[in-house]
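Asks: Here is a sequence with its predicted model. Questions after.
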Amino acid sequence: MKGTLVPLMARAKKQIAKRAAAREERSGDRTVATNRRARREYEFLETFEALILKPRNLDYKIQFTGPTGTNAVEAALKLARKVKQRSNVIAFTNGYHGLSAGALAITGNRHFRNEAFVNRLDVSFMPYDGYFGEGVNTLDYLRRFLLDNSSGVDVPAAIIVETIQAEGGVNVARLEWLRGLEKLCREFDILLIVDDIQVGNGRTGTFFSFEEAGIRPDLVTLSKAIGGLGLPMSLVFIAPEIDVWKPAEHTGTFRGNNLAFVAATAALQFWRTSEFSAEVARKGRILEQLLSEIQARHPRQQLRVRGRGLIYGLQMPRPDLAKAVSREAFRQGIIIELAGPNDEVLKFLPPLVIEEATLRKGVSTLSQIVASVLK
Ligand SMILES: Cc1ncc(COP(=O)(O)O)c(C=O)c1O
């Protein structure tokens with residue numbers, strides 16, 4: 001447990017419990033909530049440490065931020081800038097990181113950017129893996145900008161990346177590209193932030209989406225499914241050597257929701273064995289197979305399938321066709337979101353615990369809808 005907040009929490013828990021008990025005696029039960037919250041928070045941290053961090057040999061410190069994903073992104077950016085004392089951050093084309101000011105600045109889509117009439121400064125956008133098609137390694141492009149003292153791109157405090165750009169159209173970064181990105185960060189003394197808000201929590205089959213690439217980001221943001229039942233919770237994982245926050249330097253009133261701690265601790269039990277992970281991978285293979293069959297049925301339409309684990313995208317030839325599929329699916333009881341720069345990608349994001357039969361039935365219905373829309 002060395003190097004994480006857990007020992008600190010244990011000490012804090014004892015102190016809080018002691019003080020709360022004393023206060024309780026003096027003033028009735030007003031402080032009981034504080035006491036309980038510390039206990040739930042501690043249980044969550046202890047479980048997370050035991051089931052997720054330790055088995056992966058990760059020694060991150062954990063920070064609770066405001067309740068939604070964008071809050072975690074803001075905290076990670078602020079800390080990275082403080083550590084490196086640099087203002088610039090590099091983000092990628094088609095990236096999505098949330099809609100508060102700092103997170104919006106590093107989000108690519110004009111649909112969101114155009115509606116916020118504030119400065120979106122201190123960011124340079126670089127091409128994500130595959131942006132110029134196969135055969136172009138976009139890291140070479142990025143490297144050239146970093147090497148050149150006169151490129152006009154300031155060496156950033158951090159590079160922030162999604163291993164799979166979910167909102168951006170289910171663009172999957174190759175594992176070797178991610179490894180190359182990490183290497184580049186080390187070479188230029190830049191912090192690497194992985195935004196795992198949408199594809200962490202087991203979505204790709206491993207708890208963190210970057211595990212398969214074998215990289216160790218300096219900062220990781222996590223939210224969404226970590227709350228267990230859809231309850232609000234956001235976290236930043238911080239490599240111990242860059243935890244330069246002063247006490248309560250980045251804080252706020254609502255940081256950690258008691259009910260979410262309980263639900264999150266319960267949901268983490270899925271990670272006690274390797275069965276859950278193996279099941280996600282197995283169902284992911286089924287999903288890929290079923291979507292490839294849909295693709296093969298419409299060779300002239302050039303549908304494209306991409307994804308990993310239980311996140312897949314089916315790129316339609318035109319946004320209006322994708323919209324028509326999504327509308328009809330909704331009418332038939334299936335929610336399927338659209339993603340991509342022009343909402344042209346059907347985003348398959350089933351619950352990780354979906355049963356195989358339900359998965360097959362859902363994709364079969366969608367296959368019929370796609371066929372009727374494309375005919
Ligand atoms: C990768 C990623 N980062 C950040 C966010 C922002 O999270 P929230 O909508 O909870 O603010 C999202 C939301 O979809 C996301 O997918």
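Replies: Now that the structure is in, tell me what you want to look at. Residues are numbered from 1 along each chain as shown.

Asks: Flag every residue of the stretch 51-200 of the chain that's near the ligand.
Replies: Taking C-beta under 6 Å from any ligand atom as the criterion, the stretch 51-200 of the chain approaches the ligand at residues 68-70, 73, 96-98, 162, 166-167, 195, 197-198. All C-beta atoms are positioned from the backbone trio N, CA, C, and that covers glycine.

Asks: run the last query once more with 5 Å
Replies: 68-70, 97-98, 195, 197-198 (C-beta under 5 Å from any ligand atom).

Asks: Would you confirm that V363 contacts L287?
Replies: Yes: V363 is within contact range of L287, at 6.9 Å (criterion: C-beta atoms under 8 Å).

Asks: Mutual contacts of the two, please.
Replies: Listed as contacting both V363 and L287 by C-beta atoms under 8 Å, 6 or more residues apart in numbering are F348.

Asks: Among the residues of the stretch 51-200 of the chain next to the ligand, name the ones in helices.
Replies: Among these, the ones falling in helices (DSSP state H) are 69-70.

Asks: Go through the residues of the stretch 51-200 of the chain next to the ligand and name the one nearest the ligand.
Replies: Taking C-beta to the nearest ligand atom as the measure, G69 is the one of these closest to the ligand, at 2.3 Å.

Asks: count of neighbours near that closest one?
Replies: Neighbour count for G69, taken as other C-beta atoms under 10 Å: 26.

Asks: Identify the residues contacting it.
Replies: 98, 197-198, 221, 223-224, 234.

Asks: Quick check: pLDDT value at R113.
Replies: Looking at R113, its pLDDT stands at 85.

Asks: Let's have the residues of the stretch 51-200 of the chain next to the ligand in TSV, adding distance to K323.
Replies: Below are those laid out as TSV (distance: C-beta to C-beta, whole Å):
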residue	distance to K323
T68	27
G69	25
T70	26
H97	25
G98	24
D195	27
I197	25
Q198	21
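
Asks: In which helix or strand does G205 reside?
Replies: Using DSSP states H and E, G205 sits in no helix or strand.

Asks: I figured it was touching S277, is that so?
Replies: Yes: with contact defined as C-beta under 8 Å, G205 counts as touching S277 (5.7 Å).

Asks: and those two? which has more neighbours close in?
Replies: G205 (22 against 19).

Asks: And that one, how far from L77?
Replies: 28 Å (C-beta to C-beta, to the nearest Å).

Asks: now swap in G333 and tell me
Replies: Applying C-beta to C-beta, the value for G333 to L77 is 40 Å.

Asks: who's more crowded, those two?
Replies: More crowded of G333 and L77, by other C-beta under 10 Å: L77, with 25 against 8.

Asks: Relative to the ligand, how far out is that one?
Replies: Distance from L77 to the ligand, counting by C-beta to the nearest ligand atom, to the nearest Å: 12 Å.

Asks: I159 too?
Replies: 15 Å.

Asks: Who are the contact partners of that residue?
Replies: Neighbouring residues of I159 by C-beta under 8 Å, 6+ apart: 89-91, 181, 184-185, 190-193.

Asks: Surely A80 forms part of a helix?
Replies: Yes: judged by DSSP: H, G, I helix; E, B strand; the rest coil, A80 forms part of a helix.

Asks: OK, contacts around it?
Replies: Applying C-beta under 8 Å, 6+ apart, the residues contacting A80 are 89, 157-158, 191, 193, 218-219, 242.

Asks: Isn't L303 up against R318?
Replies: No: with contact defined as C-beta under 8 Å, L303 does not count as touching R318 (11.3 Å).

Asks: In terms of neighbours, single out the busier of these two.
Replies: More neighbours surround L303 than the other of L303 and R318, with 21 against 11 (other C-beta under 10 Å).

Asks: So for the more buried one, what's the nearest residue that isn't a sequence neighbour?
Replies: Among residues not flanking L303 along the chain, Q295 sits closest, at 4.5 Å (C-beta to C-beta, 6 or more residues apart in numbering).

Asks: show me where this protein has strands.
Replies: 61-64, 89-92, 123-126, 158-161, 164-165, 171-172, 191-195, 219-222, 235-238, 304-308, 311-315, 337-339, 345-348 (DSSP state E).

Asks: Save those as TSV, and put in mean pLDDT too.
Replies: Output for these, formatted as TSV (pLDDT from 0 to 100):
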stretch	mean pLDDT
strand 61-64	96
strand 89-92	98
strand 123-126	98
strand 158-161	98
strand 164-165	98
strand 171-172	98
strand 191-195	99
strand 219-222	98
strand 235-238	98
strand 304-308	98
strand 311-315	98
strand 337-339	97
strand 345-348	98
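
Asks: ranges for the helices of this protein?
Replies: Secondary structure of the chain (DSSP H): helices at 5-27, 32-48, 69-84, 101-105, 110-113, 138-147, 175-187, 258-267, 275-297, 319-331, 356-374.

Asks: Could you single out the most deeply buried of the ones you listed?
Replies: helix 69-84 (a mean of 23; mean count of other C-beta atoms under 10 Å).

Asks: got the CA positions of that helix in CSV?
Replies: Provided in CSV are the C-alpha atoms of helix 69-84 (Å, rounded to 0.1, in the frame of the first residue of the first chain):
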residue,chain,number,x,y,z
GLY,A,69,-15.8,13.5,-15.9
THR,A,70,-14.9,17.0,-17.0
ASN,A,71,-13.9,17.8,-13.3
ALA,A,72,-11.3,15.1,-13.4
VAL,A,73,-9.9,16.4,-16.6
GLU,A,74,-9.7,19.9,-15.2
ALA,A,75,-7.8,18.6,-12.2
ALA,A,76,-5.4,16.6,-14.3
LEU,A,77,-4.6,19.6,-16.6
LYS,A,78,-4.1,21.9,-13.7
LEU,A,79,-1.7,19.5,-11.9
ALA,A,80,0.3,18.8,-15.1
ARG,A,81,0.7,22.5,-15.7
LYS,A,82,1.8,23.1,-12.1
VAL,A,83,4.3,20.3,-12.2
LYS,A,84,5.9,21.3,-15.4
